[in-house]
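> make a model of this:
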Amino acid sequence: MKYDIAVLKGDGIGPEIVAETQKCLDGIARRFGHEFAYREALIGGAAIDACGIPLPQETIETCRACDSIILGAVGGPKWDGLPAEIRPEKGLLGIRKELGLFVNLRPAKLHAALADACPLKPERITNGLDLVVCRELTGDVYFGAKYRDEDGAGHDDMNYSIAEVERIAHRAFRMARQRRRHVTSVDKANVLETSRVWRETVQRVSLEYPDVAVDYLYVDNAAMQLVRNPRQFDVIVTSNIFGDILSDEASQITGSIGMLPSASLAEGNFGMYEPVHGSAPDIAGKDKANPMATILSAAMMLRYTFGLGAEADAIENAVKSVLDQGYRTPDLYAGQGTQVGTAQMGDLIAAAI
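A predicted model of the protein is given here:
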């Protein structure tokens, strides 16, 4: 079967890690008899350089015409001096809004081969770590009005509608039903009115899922608990800004942010898949980037958008196999095993597929 994939390589290490991901998808195509057609488009700094804006209309149209999207990374110091409305990150926020990508899934799984890279004491990660941050993606302070008053004070409006919270809550509870049937809702309801709306809405939605356990944590306590006892979590559902921060914290527990994939999903099966990490311009073009987060994001695409579970398993098993053999990119290398670069890691995983 043929699948059309929009490829947004972006900036920094984006083109390198996406290239290795396409290698692995091509391996899946050969093994399982599929065809992946790639349609490239510009976003972020690369789009600014070529078109003067971070999200050209042509990119939006290309994405809408495809079945799914693979994104590398956007941004870098080259564009730091630009006005906020045309910075590279505006392209990322824009594509999420344009395509209705309201839920961001960020799994954090500690591979046994990387246990030594986890900064926590071994007893805190006994029996491994496997959680998902289910982050709302198109609301909150990131999308609220931004302005300065006549005194120069900055303002960023934080807001959520009941409908926005309801749809992300339903997605989290449905996901928990496929995992270990436990949802933790994270907010700051003791201080923020937005969070009180969030908690009240999640409590109401939870009544429709009596088979799923649910608890509630303030975000500061959740940050502490992620370090103190990460095994207590299954599905964490939270707002845009809190999810952004907590998922990065969770990434460090897994050993490296270079291992964390993500999926940004709309209603139905359409999604955009990207690594959690940024564009890392300091190592761009040096064959040092870890492509595994992007490769694992492609596995999420196969599973959630295309419904290809066996193919997703093949990528995930290939990553595990290569790690078990001791191969490490520089971000994971600690003096043991074999250090490899971006391209060789992609070759190894593709060969394992």
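
> show me the strands in the stretch 51-200 of the chain, by range?
Secondary structure of the stretch 51-200 of the chain (DSSP state E, counting those that start in this stretch): strands located at 68-73, 103-109, 130-136, 146-148, 154-156, 182-187.

> any chance of these in JSON lines, plus distance to residue 320?
Every residue, glycine included, has its C-beta placed from N, CA and C. Shown next, in JSON lines, are the strands of the stretch 51-200 of the chain (distance: least, C-beta to C-beta, whole Å):
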{"stretch": "strand 68-73", "distance to residue 320": "21"}
{"stretch": "strand 103-109", "distance to residue 320": "10"}
{"stretch": "strand 130-136", "distance to residue 320": "13"}
{"stretch": "strand 146-148", "distance to residue 320": "43"}
{"stretch": "strand 154-156", "distance to residue 320": "41"}
{"stretch": "strand 182-187", "distance to residue 320": "25"}
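
> now mean pLDDT too, for these, in TSV please.
Output for the strands of the stretch 51-200 of the chain, formatted as TSV (pLDDT from 0 to 100):
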stretch	mean pLDDT
strand 68-73	97
strand 103-109	91
strand 130-136	93
strand 146-148	91
strand 154-156	93
strand 182-187	98
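
> nearest to residue 11, out of the ones you listed?
Closest to residue 11 of the strands of the stretch 51-200 of the chain is strand 68-73 (C-beta to C-beta; 6.3 Å).

> so what's the gap between that closest one and the chain middle?
10 Å (C-alpha atoms, centre = their mean, to the nearest Å).

> same thing with stretch 64-72?
15 Å.

> quick check: residue 264 is in a strand.
Yes: under DSSP: H, G, I helix; E, B strand; the rest coil, residue 264 sits within a strand.

> list the contacts for the residue nearest to it when sequence neighbours are not counted?
Sequence neighbours aside, residue 101 is the residue nearest to residue 264 in space, at 4.0 Å (criterion: C-beta to C-beta, 6 or more residues apart in numbering). By C-beta atoms under 8 Å, 6 or more residues apart in numbering, the contact set of residue 101 is 95, 137, 138, 264, 265, 266, 271, 272.

> confidence score at residue 101?
The per-residue pLDDT reported for residue 101 equals 95.

> what of residue 227?
84.

> ok, residue 121 next?
For residue 121, pLDDT reads 67.

> how about residue 36?
98.

> tell me how far it lies from residue 27.
Taking C-beta to C-beta, to the nearest Å as the measure, residue 36 falls 10 Å from residue 27.

> helices or strands up against the strand or helix carrying residue 205?
Per DSSP states H and E, residue 205 falls inside helix 193-206. Here helix 193-206 touches helix 162-177, strand 182-187, strand 213-218, going by 3 or more C-beta pairs under 8 Å, 6 or more residues apart in numbering; DSSP states H and E.

> now the ones you listed as JSON lines including mean neighbour count and distance to residue 199?
Listed next are the helices and strands packed on helix 193-206 as JSON lines, based on neighbours: other C-beta atoms under 10 Å; distance: least, C-beta to C-beta, whole Å:
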{"stretch": "helix 162-177", "mean neighbour count": "19", "distance to residue 199": "9"}
{"stretch": "strand 182-187", "mean neighbour count": "24", "distance to residue 199": "5"}
{"stretch": "strand 213-218", "mean neighbour count": "17", "distance to residue 199": "6"}
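
> save these as CSV, and put in distance to residue 301 too.
CSV is the format used below for the helices and strands packed on helix 193-206 (distance: least, C-beta to C-beta, whole Å):
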stretch, distance to residue 301
helix 162-177, 16
strand 182-187, 24
strand 213-218, 29
